[in-house]
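Colleague: 3D model of this:
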Amino acid sequence: MTLDHAELRASVRSALNRAEGPAILAGQLGAYGLAVPEEHGGLGCTLAETQVVCEEVGRVLAPVPFLSSAVLAAQALLLAGAHEHLPALAEGTLTGTVAWAEDGSWDAAAIRAEARDGRLYGVKDHVLDAPGAGLVVVPARFGGDLALFAVTDAAVEALPVMDQTRPQSRIVFDGTPATLLAADAAPLLDRLLAVAATALAGEQLGGAQYCLDMTVEYVRTRKQFGRPIGSFQAVKHRLADVYVLVESARSLGRDAARALAADAPDAERRAATAQAYCAEAFQTAAAETIQLHGGIGFTWEHPAHRYFKRAHGSAQLFGTPAWHRQRIAETVLPGC
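Modeller: Residues are numbered from 1 along each chain as shown. All right, here's what the predicted structure looks like:
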């Protein structure tokens with residue numbers, strides 16, 4: 001980690017620890033415009049800096065539309081070469097999101113929504129932060145190809161979710177007016193999926209690290225038989241396993257972010273690798289947090305259940321670990 005990244009992390013963590021943190025994140029810190037070029041109202045940084053913010057957001061499960069707006073919507077517009085809304089997204093005065101998944105799948109081949117005569121038809125699921133979004137970017141079929149469209153007014157229906165810290169919605173497009181952003185968008189969607197997977201991996205790393213820190217602190221102070229439970233060999237072994245998972249997730253997540261920032265030719269494979277690993281590392285860390293906290297870990301009063309729910313909920317976003325591993329296998333051994 002560079003000195004600049006360490007200072008950025010400290011600033012974001014300080015902001016999120018305050019009640020007005022979300023406003024500071026978008027305004028004073030300019031975090032929503034980190035990866036937006038300066039000529040479009042941003043700070044001109046890269047996705048490596050954005051991932052630092054994602055880690056801190058995931059660390060405290062901050063209920064902010066950073067992933068949906070600053071990452072998904074902003075990067076979709078940049079990839080499409082549509083810059084009109086970027087200054088507002090970078091300032092945080094406009095919230096955006098991407099309505100992608102259909103029938104629980106983020107595979108571009110599964111997209112059935114279509115555009116005809118400037119209007120969209122279809123249903124999108126698992127849309128993040130849709131109720132507050134003034135801009136929705138939608139991949140849909142157009143003339144036989146995949147294209148990206150912008151919608152500013154859509155019918156949003158809340159979905160029941162396990163993770164209450166991350167609301168998701170269904171959007172029904174029934175002749176909804178839409179603006180074409182980019183035709184022949186299949187390559188853009190591949191890169192956008194890599195961006196989304198890498199950012200989510202950063203969130204998952206932040207959550208996993210917090211679970212580990214919280215559990216280490218607990219086993220140092222909780223005593224049984226007159227000694228801290230952290231002194232028992234069995235507890236040490238379990239925490240050592242989680243530590244290895246978290247450090248490995250850190251390496252893979254940051255490698256994926258650096259690859260995207262450098263526009264490496266294998267960036268999409270690295271992103272899929274990071275997402276598959278970080279998702280499962282977070283799930284394991286959250287489960288061990290509950291187990292090693294004992295009875296208190298199963299109560300509503302303790303935050304462990306929120307991390308457990310976020311871990312399992314986020315593992316379904318942008319494709320499951322198994323789906324990403326299959327994608328990796330197909331790049332290494334085509335046709336497998």
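Colleague: burial of the closest residue to residue 44 other than its chain neighbours, as a residue count?
Modeller: Leaving aside its chain neighbours, residue 44 sits nearest to residue 38 (4.2 Å; criterion: CB to CB, 6 or more residues apart in numbering). Placement of C-beta: from N, CA and C, glycine included. A total of 11 residues lie near residue 38 under the criterion other CB atoms under 10 Å.
Colleague: helices along the protein, start to end?
Modeller: Using DSSP state H, the helices found in the chain span residues 3-16, 21-26, 47-60, 74-80, 86-91, 186-221, 233-261, 267-293, 304-314, 321-332.
Colleague: related to what we said a few turns ago, ok, now how distant is the residue nearest to residue 44 from residue 83?
Modeller: Taking CB to CB, to the nearest Å as the measure, residue 38 and residue 83 are separated by 12 Å.
Colleague: still on that earlier bit, what pLDDT does the residue nearest to residue 44 get?
Modeller: The predicted local confidence for residue 38 comes out at a pLDDT of 93.
Colleague: related to what we said a few turns ago, residue 180: which of the helices of the chain is closest?
Modeller: When the helices of the chain are compared for distance to residue 180 using CB to CB, the nearest one is helix 74-80, at 9.3 Å.
Colleague: isn't residue 32 right next to residue 68, touching?
Modeller: No: the pair residue 32 and residue 68 fails to qualify as a contact (CB atoms under 8 Å) at a distance of 10.9 Å.
Colleague: out of the two, which sits in the busier spot?
Modeller: Higher neighbour count among residue 32 and residue 68: residue 32, with 32 against 23, using other CB under 10 Å.
Colleague: just the helices of the chain: most buried one?
Modeller: When neighbours are counted by mean count of other CB atoms under 10 Å, the highest per-stretch mean among those falls to helix 47-60, a mean of 26.
Colleague: number of nearby residues for the nearest residue to residue 104 once chain neighbours are set aside?
Modeller: Counting by CB to CB, 6+ apart, residue 125 is the residue found nearest to residue 104 once chain neighbours are left out, at 6.4 Å. Burial of residue 125 is recorded as 17 neighbouring residues (other CB under 10 Å).
Colleague: identify the residues contacting residue 125.
Modeller: 101-104, 159, 168, 170 (CB atoms under 8 Å, 6 or more residues apart in numbering).
Colleague: please pick the buried ones from those.
Modeller: Restricting these to buried positions leaves 101-102, 168, 170, with burial counted as 16 or more other CB atoms under 10 Å.
Colleague: for those, work out which two are farthest apart.
Modeller: Comparing all pairs in the buried ones among the contacts of residue 125 by CB to CB, the longest separation belongs to 102 and 168, at 13.6 Å.
Colleague: now the closest residue to residue 90 other than its chain neighbours: how far from residue 309?
Modeller: When the adjacent residues along the chain are set aside, residue 90 lies closest to residue 33, with 2.9 Å between them (CB to CB, 6+ apart). If you measure residue 33 against residue 309 using CB to CB, the figure is 30 Å.
Colleague: swap in residue 162?
Modeller: Summarising the geometry, the distance separating residue 162 from residue 309, computed by CB to CB, is 5 Å.
Colleague: just for this structure, where's the confidence low?
Modeller: The model of the chain has pLDDT under 70 over residues 1, 3, 19-22, 334-336.
Colleague: tell me the contacts of the residue nearest to the spatial centre of it?
Modeller: The residue at the geometric middle of the chain, judged as the C-alpha nearest the mean C-alpha position with CA atoms, centre = their mean, is residue 200 (2.8 Å). Applying CB under 8 Å, 6+ apart, we find residue 200 in contact with 54, 67, 275, 278-279, 314, 317-318.
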